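Undergrad: no sequence on this one, just coordinates:
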Ligand code: NA
Ligand code: NA
């Protein structure tokens, strides 16, 4: 082969995202290049550093391709944060959200927040939900609940709702749950399998056809590594990346929710599905978080409206 | 040269530097940076890594357990817990043949229950017990061997800095590892006492006895070790029961022993300063090795040595038990020359995936915990195997009149019980796993 | 000169130690607050106590400063782990030159780490509209980097002095043997 690309990310090799999405991308690129590109895969931060450094590793070329969570560096990717606002998805699924996110990226991020890398994919995961040691139905059930929240916006949200958010890395969640350091966690179904969550808590709160929140991911390539490729190999990368790949990744993550949810059902756990009236109570309580984001960002109102319109458009 | 060959050749170069007396962390940092430079053809890679590597390594909330446990040991020594432990054990055992030495091992086990480091345990108990052993008529080499071996209980009995590092490297549950270490740690103390009994029978002239202490005195001495019990129960029990995370447990332990030192009236500003400086020196030494190992391991991963090694071993068709035996043997041999921390940091990223790929009839998590305890023991043996045994150096430095060779001779008895214990724990994983 | 360097190393070690003590107090009060939160609610009708917000972020920032501040005293007191068996049979002059060589290399490494930490700090400075902040307290990450960099500068100074002193020792030879 002519080119070796080092792909670095934080999950173990056998997790859903590496096997079902990143490896798929890497295999396609290798195959379509006729073996001229090799993608070396480094899971679990094998090349060193901590997950928040992944993006910088792609910027400075420590890794050629990285996958990371936009929120690991709070404040750095404000446009991505829009897709993490509570209930912004409405009834849209992860695929529609991901299409909207990539389009917003093209319009606002590639020459701004992401100008120092070559973007390959932007997507979100399926609906995040609450997993807790007690049934959470009304907002008041959250009072004093020690809970691990995944993003900056959800941390603010749960604080406003009376819970006691605890910040900790995902791998520490099972240990913290089993020892009562936290009493609940907010994550999508897809992650619960690896964390053995259905064994640790008995209650899961879903929000009907609404999505409480999602997490925005970044899948990007080092700019120089991309520029250094001959044109035909650049074309191979391009064909396997972008809008359609982002949509595929979002859809795949939502699909991975299914077996994990089934495992909780099989374990005999209590799955709470909120009624539209109950969801409305949550939405009202969450509104100040969206308002605060709009306040805190230049053109905040316009950006949120634009993202909403794109989400609705793609959900149809 | 291919990346793989670079990775392979970096080993002998690293060892050569270390044997030429390079600071170990520095040697790993150099091998890692130069390796990254050669493998990628430009210095940009390691220069970029170093922009954040120093900060994020030192800022790690998991590793911050280390200075806290070290400070906890300093405070425990300051408040007189080491002396109280030794006197309690001595009052019960001192009149038997080899009894004072057994008391020293018992006191080491007790101190190990509130101290996370072997060197600190050896140094602290050495200060208390070495003069006592000599006064009771024990020969110098034997006395030093007893305390060097007893010092390893500092890490074998939880809390344990090495187990924390193993847990971080392999993403395992620290509380479970601590729990799993309790029974093997007690077996270690019993094994050392057996070694003392045998040695004293073989060389009665090298051991002495004390007059028996009256019963009332024994109970009074026991009553004085309550702070040790309290702190161990609070820290290890609290982590186990889930009152706090291991990091929080370490902070609670340091605060608790600090408070006890304060109440004991021995904690002056001057001594507080000395305790902080001693903690600073050991902490910086450990973190510098962690930093160097982080860069070096990043280079090894890039060179694909760990993946290739696992594939190669898989292709040889060796049984899992043979592979395990070879790994443990490797640790024993290298333990004669290297210190335990750098061995763990260097080898776990290579050996752990390999061991996880083998079938011992256990779940992956059980394998991880059981293997962690086995590795813990074999690297700790390295602290007392000649010629490079850090514990031997620490103790010998307190009594230079005794030649090192005499200590070397006596310590082999303890190494023998260590090897027997590893064989038993390897053959019967249930001994390690039944508590968890 | 020697006294000034020793004073600097000691001051940094004690400053790092004071931060370590403060962090221990912080974590303990956070644990206590968390465990007593429910009790305070039943007692006062509101959650007066609770986990200290952002405790782990403060722990990270403080620990990074403390460890950098611990480096100089470790080097000054010869605290770094080494393996001496193979070199202890070399002639004294060779041992001194070897020690000087590694001390110079170590100083180079520490200066390198400090320089890169400066670049790391610069990378966290506000860029346009955004600045990287921590998760909960949302203080700029570069504050913590800058504190660590200040300590690293002290470590570099001490390292350079140690390197110079070792080279001078080696060049002067052992006054007893004249070698
Ligand atoms: Na211990
Ligand atoms: Na050894």
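TA: Received the coordinates, thanks. From a predicted model like this one, the values you see are computed outputs, not experimental measurements. Ligands and ions are numbered 1, 2, ... in the order given.

Undergrad: can you list the weak-confidence ranges in chain A?
TA: Applying pLDDT under 70 to chain A flags the ranges A:169, A:179.

Undergrad: Find the residue closest to the residue of the stretch 151-300 of chain B at minimum distance from chain C in space, skipping its chain neighbours.
TA: Nearest residue of the stretch 151-300 of chain B to chain C, counting by Cβ to the nearest Cβ: residue B:276, 3.0 Å away. For the C-beta atoms, the positions are set from N, CA and C on the backbone; glycine is no exception. Excluding its sequence neighbours, the residue lying closest to residue B:276 (Cβ to Cβ, 6 or more residues apart in numbering or on different chains) is residue C:17, at 3.0 Å.

Undergrad: so how far is the helix or strand where the residue of the stretch 151-300 of chain B closest to chain C lies from its chain's centroid?
TA: For residue B:276, the host element (DSSP states H and E) is helix B:269-303. Taking Cα atoms, centre = their mean, to the nearest Å, one finds helix B:269-303 lying 15 Å from the centre of the chain it belongs to.

Undergrad: can you check stretch A:21-29 too?
TA: Remark: stretch A:21-29 is offset 18 Å from the chain centroid, using Cα atoms, centre = their mean.

Undergrad: Tell me if that stretch is near chain B.
TA: No. Stretch A:21-29 is not in contact with chain B by Cβ under 8 Å from any Cβ of the partner chain; minimum separation 15.2 Å.

Undergrad: who's in contact with that stretch?
TA: Residues from elsewhere that reach stretch A:21-29 (Cβ atoms under 8 Å, 6 or more residues apart in numbering or on different chains): A:5, A:7, A:9, A:37, A:39, A:41, A:67, A:120-121, A:219, A:236-237, A:240-241, A:245, A:248-249, A:252-253.

Undergrad: what's the answer for stretch A:189-198, then?
TA: For stretch A:189-198, the external contacting residues (Cβ under 8 Å, 6+ apart) are A:12, A:15-16, A:125-126, A:129, A:131, A:170, A:173-174, A:177, A:185, A:187, A:253-254, A:256-261, A:263-264, A:267, A:269.

Undergrad: ok so, going back, state the helix or strand in which the residue nearest to residue B:276 lies.
TA: Following DSSP H and E, one finds residue C:17 within helix C:2-44.

Undergrad: re the thing from before, and the angle from the helix holding residue B:276 to helix C:2-44?
TA: Calculated by axes from the mean of the first three to the mean of the last three Cα atoms, to 10 degrees, helix B:269-303 forms an angle of 90 degrees with helix C:2-44.

Undergrad: which other helices and strands contact helix B:269-303?
TA: Applying 3 or more Cβ pairs under 8 Å, 6 or more residues apart in numbering or on different chains; DSSP states H and E, one finds that helix B:269-303 contacts helix B:3-19, helix B:24-40, helix B:44-59, helix B:65-78, helix B:340-356, helix C:2-44, helix C:55-76.

Undergrad: Turn the ones you listed into CSV, including mean pLDDT.
TA: Converted to CSV, the helices and strands packed on helix B:269-303 look like this (pLDDT from 0 to 100):
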stretch, mean pLDDT
helix B:3-19, 91
helix B:24-40, 94
helix B:44-59, 91
helix B:65-78, 90
helix B:340-356, 84
helix C:2-44, 91
helix C:55-76, 96
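
Undergrad: Include distance to residue C:153 and mean neighbour count when you put the ones you listed into a markdown table, please.
TA: Below are these laid out as a markdown table (distance: least, Cβ to Cβ, whole Å; neighbours: other Cβ atoms under 10 Å in any protein chain shown):
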| stretch | distance to residue C:153 | mean neighbour count |
| --- | --- | --- |
| helix B:3-19 | 27 | 17 |
| helix B:24-40 | 19 | 24 |
| helix B:44-59 | 13 | 24 |
| helix B:65-78 | 21 | 28 |
| helix B:340-356 | 27 | 21 |
| helix C:2-44 | 10 | 18 |
| helix C:55-76 | 9 | 27 |
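
Undergrad: Minimum distance to chain C, which residue of the stretch 151-300 of chain A gives it?
TA: For the stretch 151-300 of chain A, Cβ to the nearest Cβ, closest residue to chain C: residue A:167, 5.2 Å.

Undergrad: Helices along the stretch 101-250 of chain B, start to end?
TA: Using DSSP state H, counting those that start in this stretch, the helices found in the stretch 101-250 of chain B span residues B:118-135, B:140-151, B:153-156, B:161-170, B:174-202, B:215-223, B:226-232, B:238-241, B:246-263.

Undergrad: Out of those, which gets nearest to residue B:338?
TA: In terms of Cβ to Cβ, the element of the helices of the stretch 101-250 of chain B nearest to residue B:338 is helix B:161-170, at 13.3 Å.

Undergrad: Now the closest one: average pLDDT?
TA: For helix B:161-170, mean pLDDT is 86.

Undergrad: show me the contacts for the residue of the stretch 151-300 of chain B closest to chain C.
TA: Contacts of residue B:276 were listed using Cβ under 8 Å, 6+ apart, and they are B:71, B:74, C:13, C:14, C:16, C:17, C:18, C:20, C:21.

Undergrad: What distance do you get for the residue sitting nearest the centre point of chain C to ligand 1?
TA: Central residue of chain C (Cα atoms, centre = their mean): residue C:68, 1.3 Å from the mean position. Relative to ligand 1, residue C:68 is positioned 27 Å away (Cβ to the ion, to the nearest Å).

Undergrad: can you check residue B:425 too?
TA: From residue B:425 to ligand 1 the distance is 18 Å (Cβ to the ion).

Undergrad: That residue: which element?
TA: helix B:404-427.

Undergrad: Can you mark which positions in the longest helix belonging to chain A are buried?
TA: When chain A is parsed with DSSP state H, its longest helix is helix A:243-266. Across helix A:243-266, burial judged by 16 or more other Cβ atoms under 10 Å in any protein chain shown covers A:243, A:245-254, A:256-257, A:260-261, A:263-264.
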